[in-house]
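>>> just a sequence and a predicted model for now, questions to come.
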Amino acid sequence: MYIASLITSAGALEPALIDALRNAWGGGDVIWLSPDEAAEFSITTIPENRWDVWADLQKQHVDLVVQPVKNRRKKMLLADMDSTMINQECIDELADEAGVGDHVKDITAQAMNGELDFDGALIERVGLLKGLDVSVIDDVLRNRITHAAGGAILLETMRANGAYAALVSGGFTAFTQQVAHDLGFHENRANTLITKNNALTGEVGHPILGREAKIQALEEITIKLDIDESDVIAVGDGANDLGMLHRAGAGVALHAKESVAAQCDIRINHGDLTALLYLQGYTRDEFVTP
């Protein structure tokens, strides 16, 4: 058995749309998880025209996800940080302060699309930050970094239901530590910016946390918790997230680069982070607000 979920953040999910798709696919009764925002119904097989329907619904700002019914409610959240749990790329914000913003943003975009080697691209970008005063990190955290919509509710709700939450980023511990604390993650892993005399040296600590390190985090944490990888819902947006997205029981490409989303079966382009709760079958009434 499978569940077909339809989710939008526009507040315009029409009952007629749900009913038409349910009838076309021979689905079960429609269950509304949130009025005008999220609904689902069961189906016995994955329809051959799933992606054609998905493409049509995208034009209406509606996300469609088809996934197995079994083991929907997860015991662990594994999340990327930059452009996932927060709305920014931290290295781009630091680069703006260093006066090399446009150049670094271009490299970041290419790396997230998988067009550049992640490790090499990170080393190059951090090198351009050499000499930046460490106080700028606190300034960026305070004035530039904002939490992505729905993130705090996602964390509070999953934690209230016994789930473990890990933030795993190709960014920097100087940011993940604060974001993890603010949102309620149990742990965080990221790269380390090397400093000397209260300034960035332009170097990053090794080994670099990239794609393989995110997979390693998935393996290590599931073993520690004595749970299966199928018990994990992972979320990210960049090419370096694909490994963990493919390994997790549910890998969500959230507002992801097109080349990344194309490699994932669960794509959320219009909903916010609360979509990850709807995918697990939570109703709006079950959401826990911080």
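Here it is on my side, so go on. Residues are numbered from 1 along each chain as shown.

>>> next secondary structure element downstream of the one helix or strand Thr157 maps to?
When elements are defined using DSSP states H and E, Thr157 is found to belong to helix 151-160. Next in sequence after helix 151-160, counting helices and strands by DSSP H and E, comes strand 164-172.

>>> Ala239: how many residues sit nearby?
Counted by other Cβ atoms under 10 Å, the residues lying close to Ala239 total 22. Heads up, the C-betas are built off the backbone N, CA and C, glycines and all.

>>> all helices for the stretch 101-250 of the chain, in order.
With helices called from DSSP state H, counting those that start in this stretch, the stretch 101-250 of the chain shows them at 101-112, 118-127, 135-143, 151-160, 173-183, 211-225, 242-247.

>>> check which residues of the helix holding Thr157 are buried.
Neighbour-count burial for helix 151-160, counted by 16 or more other Cβ atoms under 10 Å, picks out 151-159.

>>> need those in JSON lines with distance to Thr274 and pLDDT, can you?
Shown next, in JSON lines, are the buried residues of helix 151-160 (distance: Cβ to Cβ, whole Å; pLDDT from 0 to 100):
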{"residue": "Gly151", "distance to Thr274": "9", "pLDDT": "97"}
{"residue": "Ala152", "distance to Thr274": "10", "pLDDT": "97"}
{"residue": "Ile153", "distance to Thr274": "6", "pLDDT": "98"}
{"residue": "Leu154", "distance to Thr274": "6", "pLDDT": "98"}
{"residue": "Leu155", "distance to Thr274": "11", "pLDDT": "98"}
{"residue": "Glu156", "distance to Thr274": "11", "pLDDT": "98"}
{"residue": "Thr157", "distance to Thr274": "8", "pLDDT": "98"}
{"residue": "Met158", "distance to Thr274": "11", "pLDDT": "98"}
{"residue": "Arg159", "distance to Thr274": "14", "pLDDT": "98"}
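
>>> let's have the helices of the stretch 101-250 of the chain in CSV, adding distance to Ile43.
Output for the helices of the stretch 101-250 of the chain, formatted as CSV (distance: least, Cβ to Cβ, whole Å):
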stretch, distance to Ile43
helix 101-112, 34
helix 118-127, 38
helix 135-143, 45
helix 151-160, 26
helix 173-183, 34
helix 211-225, 29
helix 242-247, 23
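
>>> of these, which approaches Glu203 most closely?
Nearest to Glu203 among these is helix 118-127; the distance by Cβ to Cβ comes to 6.6 Å.

>>> now that closest one, how far from the chain's geometric center?
Here helix 118-127 shows a centroid-to-chain-centroid distance of 22 Å under the convention Cα atoms, centre = their mean, to the nearest Å.

>>> over to stretch 101-120?
Taking mean C-alpha positions (Cα atoms, centre = their mean), stretch 101-120 and its chain are 18 Å apart.

>>> so which bits of the least confident helix or strand in the chain by mean pLDDT are buried?
Least confident helix or strand, the chain: helix 101-112 with a mean of 84, by mean pLDDT, DSSP states H and E. Neighbour-count burial for helix 101-112 flags 104-105, 107-108, 111-112 (criterion: 16+ other Cβ under 10 Å).

>>> for stretch 279-290, same thing?
Buried-residue list, stretch 279-290, by 16+ other Cβ under 10 Å: 279-280, 282, 287-288.

>>> what residues does it touch?
For stretch 279-290, contacts defined as Cβ atoms under 8 Å, 6 or more residues apart in numbering pick out 3, 5, 7, 33-35, 37-38, 40, 65, 67, 72-74, 152-153, 155-157, 159-160, 184, 233, 250, 252, 266, 274, 277.

>>> test of understanding: give the bridge partners of the residue lying closest to Tyr164 once chain neighbours are set aside.
Counting by Cβ to Cβ, 6 or more residues apart in numbering, Tyr164 lies nearest to Met76, which is 4.7 Å off, once chain neighbours are set aside. According to DSSP bridges, the residues that bridge with Met76 are Tyr164, Val232.

>>> OK, contacts around Met76?
163-166, 221-222, 225, 227, 231-233.
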